[in-house]
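Chemist: below is the sequence, then the predicted model.
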Amino acid sequence: MRFAIRRSDRGMSPLVGVITMVAVTILSAALTTGMLYGMTDAAGGPAPVIIMTDSARASQVGDQTYADLLFYHEGGQQANVEDLEIIVRNGGSSTHHTISKTGDVADGLWTGGELLSVSLSGEEVCASGGEYLDVYLVHKQDEKRSSIIAKRTVPVEREEQLVPITSSDFDIVEGAVVPGADYDAEVVLLGTAISDGHGSDIPVYIEFQVGDDTIVPWPGDVNDGENPRTTEFIGRTAGEAISVKATGLLSALSTEETEQVLVLRDGDEVPDIEGFEDQSNAEEFVRDYIVDGKISLEENEAIFLFEIGTDNLNSNAADFQDAVVLVSMSRLEETTETENVVEASQIQDVRSHRTIICAA
């Protein structure tokens, strides 16, 4: 018996369409995977499939600069750190960095949830004057073959660096903070505590005289339980003195010849004055600035304690914590290529920060 097979074109178009759609779907998936997990050199084999985020961190300790490149493994395959290398290109120069078996990758494997980092020198980051770094995370198959897992361009920004004012640039003259250099100032109202003796708080108002300017950063009553609160005076000129005025039942200005204001500097004795009725005492307001029983402040800092509830300084009501104000100053100074602090190493920051800042 002979069997004949007839050729027929019926049903071919739908089948071809299905096959074409499947092929397109597979190709799209492959392209998507390539975009998610990095590129592969033509000469090398496939890189590990890794989902990750990356960032940069920089810091300054004294005159030494430090920078780190950080990669956070979000998921996917693990990688042997001995097979990984980071290449940094800055302008026309390149440096190669191996990965140390420390921290999360002390076991030699980089896997989900782990942070991988490599340290750079400040010179490597900032000295060339370039505006960005090209960073490559590379997987090495052997001596001749490697694959790029990720490539990132990290911006390098440059800015002026704030330098604390030293004791030679800073003095207190008749209750006014007098800087000897152009400066920025930060003022913190550490706290207030004043009542009428019958359980009711007395409103407190604060204002500052900065040079010829009268500044009221917090309009209204600041004896509201919302302290500390902070303000800044930016771009001020050398010699523009800062004085503080506090008003409660009485008014006291730090520059007046008055015993209503105490000024604390580094090394001073801690005030030993009990708070009126159930209020906190003056020492409690400055507890963050006490070391070994003495006031511990930077050379550019001073604390003002106000008594604005009574002018009878021998009474129990004279507790000098009706308003407590900290003044800190810094001056802008041109510096050479040193690194400025830009980011902490917490994981939430690692996942978001992508800029290194160098001093201008």
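Modeler: On my side now, so go ahead.
Chemist: give me the neighbour count for Leu249.
Modeler: Residues lying near Leu249 (other C-beta atoms under 10 Å) number 15. Placement of C-beta: from N, CA and C, glycine included.
Chemist: oops, could you answer that again for Leu313 instead?
Modeler: Leu313 has 11 neighbours, counted by other C-beta under 10 Å.
Chemist: do the same with the one 4 residues further on
Modeler: Number of residues near Ala317 (other C-beta under 10 Å) recorded here: 20.
Chemist: any idea how far it lies from Gly197?
Modeler: For Ala317, the distance to Gly197 equals 7 Å [C-beta to C-beta, to the nearest Å].
Chemist: got any residues that touch both of those two?
Modeler: Common neighbours of Ala317 and Gly197, counting by C-beta atoms under 8 Å, 6 or more residues apart in numbering, are Phe276.
Chemist: show me where pLDDT drops low in the stretch 201-350 of the chain?
Modeler: Within the stretch 201-350 of the chain, the ranges that satisfy pLDDT under 70 run 332-350.
Chemist: quick one: contacts for Gln77?
Modeler: Contacts of Gln77 (C-beta under 8 Å, 6+ apart): Pro48, Val49, Ile50.
Chemist: 6 Å instead, please
Modeler: By C-beta atoms under 6 Å, 6 or more residues apart in numbering, the contact set of Gln77 is Pro48, Val49.
Chemist: quick check: Asp221 vs Ala193, distance?
Modeler: Here Asp221 is placed at a distance of 13 Å from Ala193 (C-beta to C-beta).
Chemist: more neighbours: the two, which one.
Modeler: Using other C-beta under 10 Å as the criterion, Asp221 and Ala193 rank with Ala193 on top: 26 against 15.
Chemist: could you pull up the residues touching that one?
Modeler: Residues near Ala193 by C-beta under 6 Å, 6+ apart: Gln279, Gln321.
Chemist: give me the pLDDT for it.
Modeler: Confidence at Ala193, expressed as pLDDT, is 93.
Chemist: from Arg287, how far off is it?
Modeler: Distance from Ala193 to Arg287, by C-beta to C-beta: 14 Å.
Chemist: what about Ser200, how many residues nearby?
Modeler: Neighbours of Ser200 under the rule other C-beta under 10 Å: 7.
Chemist: ignore the last one, Asp322
Modeler: If you count neighbours by other C-beta under 10 Å, Asp322 ends up with 31.
Chemist: the one 5 residues further on now?
Modeler: A total of 23 residues lie near Val327 under the criterion other C-beta under 10 Å.
Chemist: with Leu120 instead?
Modeler: 24.
Chemist: I'd assumed Ile86 was in contact with it.
Modeler: No - in this structure, Leu120 is not within contact of Ile86 by C-beta atoms under 6 Å, at 9.2 Å.
Chemist: partner residues bridging Arg229?
Modeler: Beta bridges link Arg229 to Leu189, judged by DSSP bridges.
Chemist: from Leu326, how far out is it?
Modeler: Using C-beta to C-beta, we find Arg229 at a distance of 11 Å from Leu326.
Chemist: the two: who's more crowded?
Modeler: Per other C-beta under 10 Å, whichever of Arg229 and Leu326 has more neighbours is Leu326, with 21 against 15.
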